Every structure is written in structure tokens, then in C-alpha cells.
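quick one, fold the following:
(4 chains)
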There are 2 protein chains.
Amino acid sequence: MKEKKEISLEKPCSVGKAMGIIKGRWSFPIIRALMQETLRFKELERAVFSINTRMLVKELKELANEGLITRKAYATVPPTVEYSLTEKGRALRPVIAEIEKWSANFL
Amino acid sequence: MKEKKEISLEKPCSVGKAMGIIKGRWSFPIIRALMQETLRFKELERAVFSINTRMLVKELKELANEGLITRKAYATVPPTVEYSLTEKGRALRPVIAEIEKWSANFL
DNA sequence: CCGAATCCTCGGTGATACTG
DNA sequence: CAGTATCACCGAGGATTCGG
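Next up is the predicted model:
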């Protein structure tokens, strides 16, 4: 199923694979929003400015698939679903920190 | 000129702008190749595995435009063009380092 | 050797309406 | 509230050829 292309993005230097995961337009914004606290779907939709439902769903699914976030659904009415970062996801904090540092210095 | 869309990618958190620069599929591979040494066009084409001419030209232009790399042409025959990182470009080293660290731990 | 110029494909993204 | 379902678009990316 899916059978992604998985051509060698470059030398075997691991950065390529990582970028393959966090390359999306919304990956970092979402991760960043969850970095502070667990959020529900609607809260995320508001927190990540200008994203729409479809993209949010899609990204959340991908991120969950990569093991960066956890989806927890409660059988309440109305439904409640909470998203939070996994260890793997939280481990991206230093990466984001470095990017922000770079942005601050050169942008 | 150009007048990029520049809609607010997310909250004003700077990560968005940075990602806008390094999001391309080839940005990091190229930067990484140049991190070690100055390279000529053809050398780059070989160093960045599986890239093609057009993409290399395009990316180099964009990166030069963003001030990440420097293009230096010599009027020799045959022509010689060397690309090297600027300060701004080299400053991405810690970012890449963090990504590699993350990759090593979680991929 | 170093690109510029074309043509084309495909997936990421967006808007909107609908459902459990 | 938390998604699914469709339709449509645009630009990044690729293959190839041509020029200085």
C-alpha cells in the first residue's frame, strides 16, 4: 500500500529522511502549537492560523503516522479528540529552537 | 517585482519564514554539500545525488537570492563557476546538526 | 563547462458542503 | 465537535534540448 517512491534523496545523510517528514507547510506550525500543550481538534484549527479542516486532518494523520503526535479520542457527546506530542515529537524542540535562533539572527 | 503572497503562514513565530527558505527539496542537500567546501557547478551536480541541471540552477539562484550562498564566476575557457556558503548559510550548521541528531535518535 | 529555454506531470493545498 | 467527500488549481520538480 502506498509504496512511496523513496528514491535516494541525496547521500545517505539522514537529513533527507528527516526533511521528508517535516517538510510540509503545516508540520512545524502544528508541532509548535502542540509543543506548549495538548489541544483538541478545534483548538488546533484556531491555534494554527489560516489552516483549513482538510489540511489539518491530513497533517495530523501524517504526523500521527510518523509517531510524532498521539491521537486520543473520547466517546463523549459531542466527540472529543485530543492531540499531543510524543517523545519523538517533543524531541524536535531543539531543532525548532535552532531555526528560530537562525531566523532571529539572519532574517 | 514578484510580490510574493506572504500571507501569514502561521503565528508570527519566524519559523514559518525560515521554512519558506529552506523548504525546498534541494536546499539542505546543496547547503550540506557546500558546508564542507567550495564547489563548482559540475561538482555540485555530482555531489548532490540525483539532482538535475535545471533544479540545481534554480536552487542555486534562489539560495543566492536569499543570501545563503555566493556565486563567483571566472572568465576562463571553459567557464568556471564556484559556489560557496555565506555567513548566513554557514549559520545553518547548528540547525542541520540538530536535525541529524534527531534523525539519529528517532529514525 | 555552465547554464537557459521548453514542455509536462503530479501532488500539495485550498474552498466548500456534508455527516455521525 | 470532529471529521469526510469533492472539485479545482497552481507551482515545485523532472526530462530534454539548445546556446555561449
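
what parts of chain A come near chain B?
With CB under 8 Å from any CB of the partner chain as the criterion, chain A meets chain B at residues A:7-11, A:13-19, A:23, A:25, A:28-29, A:32, A:48-50, A:67, A:88, A:91-92, A:94-107. Just so you know, the C-beta spots here come from the backbone N, C-alpha and C atoms, and that holds for glycine as well.

give me the pLDDT for A:Lys2.
Looking at A:Lys2, its pLDDT is 34.

please export the C-alpha coordinates of stretch A:22-35 as CSV.
Output of stretch A:22-35 as CSV, limited to C-alpha atoms (Å, rounded to 0.1, in the frame of the first residue of the first chain):
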residue,chain,number,x,y,z
ILE,A,22,8.8,17.8,8.4
LYS,A,23,8.7,19.3,5.0
GLY,A,24,5.0,20.0,4.9
ARG,A,25,3.8,23.5,5.2
TRP,A,26,1.9,22.7,8.3
SER,A,27,4.1,20.3,10.2
PHE,A,28,6.1,22.8,12.2
PRO,A,29,3.2,25.1,12.9
ILE,A,30,1.2,22.2,14.3
ILE,A,31,4.1,20.8,16.2
ARG,A,32,4.8,24.2,17.6
ALA,A,33,1.3,24.6,18.7
LEU,A,34,1.3,21.3,20.5
MET,A,35,4.7,21.9,22.0
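
distance of the closest residue to A:Ser14 other than its chain neighbours from A:Lys88?
Of all residues beyond its chain neighbours, the one nearest A:Ser14 is B:Ser103 (3.8 Å), with distances taken as CB to CB, 6 or more residues apart in numbering or on different chains. With distances taken as CB to CB, to the nearest Å, B:Ser103 is found 11 Å from A:Lys88.

one more: A:Phe41?
21 Å.

quick one on the thing from earlier: check which helix or strand the residue nearest to A:Ser14 maps to.
B:Ser103 is part of helix B:93-106 when elements are defined by DSSP states H and E.

which members of the residues of chain A next to chain B are classed as buried?
Applying 16 or more other CB atoms under 10 Å in any protein chain shown to these, the neighbour count classes A:9-10, A:13-16, A:18-19, A:28-29, A:32, A:48-49, A:88, A:91-92, A:94-96, A:98-100, A:102-103, A:106 as buried.

list the contacts for the residue positioned nearest the centre of chain A?
Nearest residue to the geometric centre of chain A (CA atoms, centre = their mean): A:Ser27, 3.7 Å. A:Ser27 makes contacts with A:21, A:59, A:62-63, as judged by CB atoms under 8 Å, 6 or more residues apart in numbering or on different chains.

between those residues, which is closest to DNA strand D?
A:Glu59 (11.0 Å; CB to the nearest atom of the strand).

hang on, that closest one packs against A:Phe28?
No - here A:Glu59 lies out of contact with A:Phe28, judged by CB atoms under 8 Å, at a distance of 10.3 Å.

check the secondary structure at the residue in chain A positioned nearest to DNA strand C for me.
Closest residue of chain A to DNA strand C, CB to the nearest atom of the strand: A:Arg25 (3.0 Å). The three-state assignment at A:Arg25 reads coil, by DSSP: H, G, I helix; E, B strand; the rest coil.

phi, psi for it please.
phi -70, psi -30 (degrees, to the nearest 10).
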